[in-house]
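>>> Here's my sequence, what's the structure:
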Amino acid sequence: MEQDTSPGPITDDVRAIIEVAHLCFAATVSPGGLPNLSPKGTIRAWDSRHVYFLDIASPGTRANLGTNSAIELNVVDQLSRRGFRIAGTAEVLTSGEVHDACIARVLEQEGSRYDVASVIFVTVTQVSELRSPGYLHAPSETAMRAAWRERRHELDRHFDHYLQAREHE
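Residues are numbered from 1 along each chain as shown. The predicted model follows:
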């Protein structure tokens, strides 16, 4: 499949959030109709109409998509407190040119090696913005990022202390 360069739901803004976050939460539906949510750390935009992630350890997601191809991905930049709901239909790719290109791109960007079971390739049908209520008080995204950068440092320091105490138990 060639990449689609026509305008689509994956705008430059959506692409920028995907690139900075690299983490999304994928919502699928089990064969029994139950919702399932799973973090995915390799989300990328393929073109203006498709996103994908690598199936590294996702047997539940893969099984769910085998019976119901509907999927929603939530991707949010932690500092901006802004992101997108990306809905569509997923195809589980186990081979082929697109499969290989998706894997190669992630592995090259991350400098890592994963055992990849498949590529979850999503045809995007709808994108809607997610925005924190914090923007009621933040004058801009730059200000929001600065405030959360400082807050994130404080939270990380607190969690590091917790981890150190736990490791010495």
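>>> which of the residues in the longest helix along the chain are buried?
The longest helix of the chain (DSSP state H) is helix 141-167. Residues of helix 141-167 classed as buried: 144-145, 148 (neighbour count, 16 or more other C-beta atoms under 10 Å). Yep, even glycine has a C-beta here, placed from its N, CA and C like the rest.
>>> What of stretch 88-104?
Buried positions in stretch 88-104, judged by neighbour count with 16+ other C-beta under 10 Å: 88, 90-93, 98-99, 102-103.
>>> residue nearest the centroid of the chain?
Closest to where the C-alpha atoms of the chain average out (C-alpha atoms, centre = their mean) is residue 24, at 2.5 Å.
>>> For the residue nearest to it when sequence neighbours are not counted, name its beta-bridge partners.
Sequence neighbours aside, residue 75 is the residue nearest to residue 24 in space, at 4.0 Å (criterion: C-beta to C-beta, 6 or more residues apart in numbering). Per DSSP bridges, the residues bridged to residue 75 are residue 24, residue 84.
>>> measure residue 75 to residue 150 for me?
With distances taken as C-beta to C-beta, to the nearest Å, residue 75 is found 23 Å from residue 150.
>>> likewise residue 110?
The gap separating residue 110 from residue 150 is 28 Å, by C-beta to C-beta.
>>> That'll do, ta.
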